[in-house]
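Engineer: Quick one, what's the 3D model for this:
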Amino acid sequence: MSARTRSKPFFGLCLAVLALGCLLAMAEDEKPTKAKIGEKAPNFTLKDTKEQERSLSDFKGKTVILEWTNPECPYVRKHYGPTKSMEKTSRKVKELDSTAVWLAIDSTYGTTEKKLNFWIEQHDIKYPILLDADGTVGHLYDARRTPHMFVIDKKGVLRYHGAIDDNPLLTKPEEETTNYVVNAVKQIVKGDVVSPDYVKPYGCTVKYKRPGPGG
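Structural biologist: Alright, predicted model coming up:
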């Protein structure tokens with residue numbers, strides 16, 4: 001066998017390895033980048049409780065508020081019940097920016113449209129709740145608590161994420177409470193740098209699906 005003949009399998013193997021490397025690199029490039037302050041918020045598509053698909057990209061050019069929620073969490077219940085702080089925050093955001101969009105996301109494993117529709121009716125919620133039962137979007141945004149809030153500006157850049165306010169015990173009077181979501185939107189409208197742009201969120205841990213054996 002000549003040297004040229006022996007080199008053919010080796011050359012073919014090199015091409016195969018190179019092609020595999022290119023494919024892996026392409027797959028890595030297509031993988032969504034996790035959400036980071038000051039960077040473009042990663043796009044996602046989820047269905048709401050009416051089976052309508054909602055994508056972040058649908059709201060290009062608008063301020064978007066993302067609220068991670070779970071109706072079974074006591075903190076969420078207080079924000080929707082006695083204090084009504086979630087409703088008040090949503091209303092204040094609209095007063096500051098009439099085109100702002102509010103989307104709630106439930107990444108609780110096992111959540112259902114039926115449970116969420118009951119919650120929506122019970123509290124007369126005006127914005128959609130999106131189902132993320134497999135936790136894909138929650139992990140993409142590193143949502144850790146319910147509630148955990150995210151503010152995205154009109155350019156699609158994540159400007160704030162964290163706690164809704166500085167009232168984790170939910171005992172402070174409204175006039176003594178700093179609402180970080182309203183604060184962020186107010187600064188965005190003015191063209192200012194958002195400060196603070198992160199405050200550690202409080203509440204219940206997000207009840208993500210647990211990985212199976214070997215997962």
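Engineer: Strands along the chain, start to end?
Structural biologist: 45-48, 53-55, 64-68, 101-106, 129-131, 145-146, 148-152, 158-162, 198-199, 204-205 (DSSP state E).
Engineer: How about residues contacting the second one?
Structural biologist: Residues outside strand 53-55 that contact it (Cβ atoms under 8 Å, 6 or more residues apart in numbering): N43, F44, T45, L46, K47, D48, L103, P128, L130. To be clear about C-beta, it is placed using only N, CA and C from the backbone, and glycine gets the same treatment.
Engineer: could you dump the strands of the chain to CSV with mean neighbour count?
Structural biologist: Output for those, formatted as CSV (neighbours: other Cβ atoms under 10 Å):
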stretch, mean neighbour count
strand 45-48, 17
strand 53-55, 13
strand 64-68, 24
strand 101-106, 23
strand 129-131, 22
strand 145-146, 25
strand 148-152, 25
strand 158-162, 23
strand 198-199, 15
strand 204-205, 14
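Engineer: E176 is nearest to which of those strands?
Structural biologist: The minimum distance between E176 and the strands of the chain falls on strand 198-199, with 16.4 Å, by Cβ to Cβ.
Engineer: Would you mind pulling up the elements that that closest one packs against?
Structural biologist: strand 158-162 (3 or more Cβ pairs under 8 Å, 6 or more residues apart in numbering; DSSP states H and E).
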